[in-house]
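*Asks:* My questions concern the predicted model and sequence given below.
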Amino acid sequence: MASPRPRTYAEAREVSSSNSELGWWVFMRISGLLLVFLVFGHLWTNNIVIDPATIDYDYVASRLAQPGVRIYDTFLLFFAMLHGVNGLRYSIEDYTKRPGRRFWYKILLYTVSAIIFVLGTMTLWAFTYQEMGDAVRAIGATQ
């Protein structure tokens, strides 16, 4: 029978095989709490403060033109990706018995996650949304 998951810092310290595992255990608790506030803040500003029916490309472009919103969304992306990837890594560790297969699953997980994070960050920071909007409207006009 498997030992129960640690619930306190002292229990986690006893069962951790390394300090990095203990660090990830602490990170999961802190990032989970931060994500609650980040996600609800995002939902509040986009669904409660304004009418969701009025959200269109121009609203999103004007919102993402603000550096504070970009920083906020970057933190949301960073914590959500890292929290989710670490949770999936735990699942791979728990349910994949063969070390070789476990290694390749984690390599695939890290590669796909890095690509998604880079693309998400580029989407937030590398584009001017006015130019993108003009390009999107031009494509829509030609169809």
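*Replies:* Sure, I can see it. For clarity, every value in this text was computed on a predicted model and none was experimentally measured.

*Asks:* Where does the prediction get shaky in this protein?
*Replies:* Within the chain, the stretches with pLDDT under 70 are 1-4, 15-17, 143.

*Asks:* can we see that at 90?
*Replies:* Counting by pLDDT under 90, the ranges of the chain that qualify are 1-26, 46-47, 50-66, 90, 94, 123-124, 126-143.

*Asks:* Going along the chain, name the helices of it.
*Replies:* Per DSSP state H, the chain carries helices over the ranges 9-15, 19-43, 57-64, 67-95, 99-125, 129-142.

*Asks:* what's the angle between the third one and helix 129-142?
*Replies:* Translated: helix 57-64. 170 degrees (axes from the mean of the first three to the mean of the last three Cα atoms, to 10 degrees).

*Asks:* which strands and helices sit next to helix 57-64?
*Replies:* Packed against helix 57-64 by the contact rule (3 or more Cβ pairs under 8 Å, 6 or more residues apart in numbering; DSSP states H and E) you find helix 67-95, helix 129-142. The way it works is simple: take the backbone N, C-alpha and C, and place the C-beta from them, glycine included.

*Asks:* Would you mind listing the buried residues in it?
*Replies:* With burial defined by 16 or more other Cβ atoms under 10 Å, the residues of helix 57-64 counted as buried are 61, 63-64.

*Asks:* do the longest one as well
*Replies:* In terms of neighbour count (16+ other Cβ under 10 Å), helix 67-95 has its buried residues at 69, 72-73, 76-83, 85-86, 89, 92.

*Asks:* Tell me the one of those residues nearest residue 38?
*Replies:* If you rank the buried residues of helix 67-95 by distance to residue 38 using Cβ to Cβ, residue 76 comes first, at 4.6 Å.

*Asks:* contacting residues around the closest one?
*Replies:* Residues counted as contacts of residue 76 (Cβ atoms under 8 Å, 6 or more residues apart in numbering) are 35, 38-39, 42.
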